[in-house]
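Trainee: fold the following and give me the result.
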Amino acid sequence: MQHNPIIIPYPLAGSVMAFSTTRHGGVGKGNYAELNINPYCGDAQEAVSANRKALARELGVDDGSIVLAHQVHGDRCLAVTDDLLRCPEADRMAAVEGYDALMTQLHGVCIGVSTADCIPVLLHDPIHQAVAAVHAGWRGTVRRIVGKTLRTMADAYGTRPEEVRAVIGPGISLARFEVGQEVYDRFAEAHFDMDRIARRYAKWHLDLPLCNLLQLQEAGVRRDNILASDICTFDRVDDYFSARRLGTASGRIFTGIILR
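Mentor: Got it, this is the predicted structure:
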């Protein structure tokens, strides 16, 4: 029997709903159990569709108003508009191909990103009533996707970083994110503060949540406007999907935001 999706809400602002899904309350099986709405990770399409409909009911939005992109670990941001929502499904799927961040000023539309160890970041501009959802894996993080998304919001909506409120959702922690020397070097070459974000154990480890928090601050977001979930997906694999624990053929967390 299907249960209602269990989601974790974030107290971002009264005018928005911000949340992450857990693994609980859907119909998926095996490493997709239970609640996966990502159609790109190998799950049965009937389970994805049923879970998406159940999540839409839980959020109080139309099924067609949940928007997620086919992420590619890049740094591009797509504006979700009325024209996009009016597209036939096949055209919409083509339009969202290759984006790792979404932004919108539409009310009642849920934009979000899918992750399973990567870092989801939500942004809310309460002055211009705009929101964004960002997928920041290590490749997106090293390319500073959070800062680029804030600049894209500034160009499109007039967003000022000092007015933005942000959430850093569940992702892999420093203790669990072991990387090779080549990944460490990419961050060093991109002029990250390696003394702050890296630790040497048997191999190098990187702190992706801290990397994205620092990027938010460097972009001008105030520290007291940043909410960090401090949830490690690797450690809490029973509640959140973790690709490093389950493999890539597994479900994804969905971290979303809705302007009410």
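Trainee: now do the strands in the stretch 151-260 of the chain.
Mentor: 165-168, 178-179, 198-200, 204-206, 226-228, 253-259 (DSSP state E, counting those that start in this stretch).
Trainee: so what strands line up beside the second one?
Mentor: In the sheet containing strand 178-179, its partner strands are strand 204-206 (antiparallel), by DSSP bridges.
Trainee: quick one on the thing from earlier: with respect to burial, which of the strands of the stretch 151-260 of the chain scores highest?
Mentor: Mean neighbour count (mean count of other C-beta atoms under 10 Å) peaks for strand 253-259 among the strands of the stretch 151-260 of the chain, with a mean of 27. Using the backbone N, CA and C atoms, a C-beta is placed for each residue, glycine as well.
Trainee: that one packs against which elements?
Mentor: strand 16-21, helix 45-59, strand 110-115, strand 119-125, strand 130-136 (3 or more C-beta pairs under 8 Å, 6 or more residues apart in numbering; DSSP states H and E).
Trainee: which stretch among these comes nearest P170?
Mentor: Smallest distance to P170 across the helices and strands packed on strand 253-259 (C-beta to C-beta): 5.7 Å, for strand 16-21.
Trainee: residues contacting the closest residue to R57 other than its chain neighbours?
Mentor: Of all residues not flanking R57 in the chain, N4 sits nearest, at 8.0 Å (C-beta to C-beta, 6 or more residues apart in numbering). N4 makes contact with G25, A54, R57, E58, according to C-beta atoms under 8 Å, 6 or more residues apart in numbering.
Trainee: also R143?
Mentor: G74, D75, A190.
Trainee: likewise N51?
Mentor: Per C-beta under 8 Å, 6+ apart, neighbours of N51: P5, G26, V27, G28, E34, L35, N36, I37.
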